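Novice: sequence-free structure coming up:
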């Protein structure tokens, strides 16, 4: 069969003329949703990897204890921490740095507040090491009562749960959009069967099988879906690229006190934490080359789905026409 | 080739248009289906080209009982039948060449062979200069020749023609009848529904007469011999 030739005038159908645009819009939505889902996946992996190997130790300040004793206890705590297998470094946050981090929440006069800020120690660990955090906290509490060791696990779990929920929602949206696309193809195909019933009858009387007629609807659906899919995917990629550009400009425009500035002001031990948070907020940078390949294949997938839907619709419905 | 036994035709819940229709068509035979306008000639042809089932009775086509045919078996039988419709039923958005090529394309022939056969046949029926023309731009007679070409292009085993010479002049009409006779000589069973008595009388073929909803077979050759022998013109009866 010549795939370019059709015995049915499907290209002239008004419904067929609108189909590429409708499918293009649906593919645009799918591509954006899939792109967001993939980025969320990348973000989740980066968060997990980025926070792996980081601990924060909080040593409360007891105003009743003199400064020398406090210093001795701090040194003992640092010695204990660095002596723990699996811990690679421990850095005490300077008071000025602490105040600067707290300034967005406590205001510019944070240094004049009558609040005893705890001593914060940023600890880096070997990501493969297994450290008994409860034991470390217990031993630290023996030196400085009320010490806390935080591996940000609860925060990470909550954040990951949130991201997975977003991913599930994205997947659900994609399923809905694909179902809408299939329903559109079914409607257009059934309309075509009804509109071209006289020609279909002639084809049958001349000896055409149902699959001969189905093939013509298949080819037409594949063609218009591919066109719409390419348009939708290109627009989705341009949209994501535009958002990437907009967000990256917004990041550099924060200036003093902005996220980027704060990230760059953090000491080396927590610099990694700051930088990957900033990166995570940028679209596009989270997609791997394979993800872009998947996006490029999306129009073909949609076209194949439309083709199979059209074939199924014709073979199911044609006996009502003839 | 074709066998009808006690077949009746009815549209909806109305009265039977045809009843007790029984006849057989031998392979390679040639028949005129005659009757007044509205007698049921087209309905009988519809039964033969499987466009509708009978209300009652048995129709055996190419050795197959049509009542037992599955839907997917119909196309293979229809490909053995060439039909010239009274209203032509040409596909208006296809060119003359594509209309005639349709049965060959459905059968899966190669495009080069299709173009060769179709061009030859269209030349034979006088449409060589209209290969790419749409049916709407052709005259009634040209459309009729086009419809005939489509029906005969695949050399069907059974050719059914409903008033095939109704829109052409006598010259073209005779030429078309010679085409039908050539096909018949090559083995095609031919049934032509017509009320053109001149045509029927000129070509001495068996007649199936529809009168009062029933059918009678009439063989002019037998009738003439009967007349010579007994002087009785009504020497035939229904099979």
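Specialist: Noted; the coordinates are in hand. Every value quoted in this text rests on a predicted model; they were computed, and no experiment measured them. Residues are numbered from 1 along each chain as shown, chains lettered A, B, ... in the order given.
Novice: tally of neighbours for residue 201?
Specialist: I went with chain A, as the question did not name one. Counted with other Cβ atoms under 10 Å in any protein chain shown, residues neighbouring residue A:201 total 14. Heads up, the C-betas are built off the backbone N, CA and C, glycines and all.
Novice: oops, I was thinking of chain B
Specialist: Around residue B:201 there are 10 other residues, counting by other Cβ under 10 Å.
Novice: checking it next. Helix, strand or coil?
Specialist: Assigned with DSSP: H, G, I helix; E, B strand; the rest coil, residue B:201 falls in the helix class.
Novice: how far away is it from residue B:83?
Specialist: Taking Cβ to Cβ, to the nearest Å as the measure, residue B:201 falls 25 Å from residue B:83.
Novice: what residues does the one residue in chain B that gets nearest to chain A make contact with?
Specialist: Per Cβ to the nearest Cβ, the residue of chain B with the smallest distance to chain A is residue B:79, at 3.4 Å. Residue B:79 makes contact with A:206-207, B:103, B:106-107, B:154, B:156 under the criterion Cβ atoms under 8 Å, 6 or more residues apart in numbering or on different chains.
Novice: between all of those, which two are separated the most?
Specialist: Within those, two members stand farthest from each other by Cβ to Cβ: B:106 and B:156, at 12.6 Å.
Novice: gap between the most centrally placed residue in chain B and residue A:318?
Specialist: Closest residue to the average C-alpha location of chain B: residue B:160 at 1.2 Å, with Cα atoms, centre = their mean. Using Cβ to Cβ, we find residue B:160 at a distance of 24 Å from residue A:318.
Novice: then residue B:151?
Specialist: For residue B:151 relative to residue A:318 (Cβ to Cβ), the value is 24 Å.
Novice: compare those two (neighbour count), which wins?
Specialist: The residue with the greater number of neighbours, taking residue B:151 and residue A:318 and applying other Cβ under 10 Å, is residue B:151; the counts read 23 against 19.
Novice: any weak-confidence spans in chain B?
Specialist: Within chain B, the set of residues satisfying pLDDT under 70 comprises B:220-239.
Novice: and with 50 instead?
Specialist: Across chain B, residues meeting the criterion (pLDDT under 50) sit at B:225-239.
Novice: any idea where the helices of it begin and end?
Specialist: Across chain B, reading from the start of the chain, the helices by DSSP state H fall at B:41-48, B:74-78, B:96-107, B:111-124, B:140-152, B:170-185, B:197-202, B:220-230.
Novice: kindly calculate the angle that the fourth one makes with helix B:96-107.
Specialist: Put plainly, it is helix B:111-124. Interaxial angle of helix B:111-124 relative to helix B:96-107 (axes from the mean of the first three to the mean of the last three Cα atoms, to 10 degrees): 130 degrees.
Novice: okay, buried residues for the helix or strand hosting residue A:303 please.
Specialist: Residue A:303 belongs to helix A:289-321 when elements are defined using DSSP states H and E. Under the neighbour-count criterion of 16 or more other Cβ atoms under 10 Å in any protein chain shown, helix A:289-321 has A:291, A:294-295, A:298-299, A:302-303, A:305-307, A:309-314, A:318, A:321 buried.
Novice: can you check stretch B:191-200 too?
Specialist: Applying 16+ other Cβ under 10 Å to stretch B:191-200 flags B:191-196, B:199-200 as buried.
Novice: from the contacts of residue B:79, pick the one nearest residue A:40.
Specialist: Relative to residue A:40, the closest of these is residue B:106; by Cβ to Cβ it sits at 51.6 Å.
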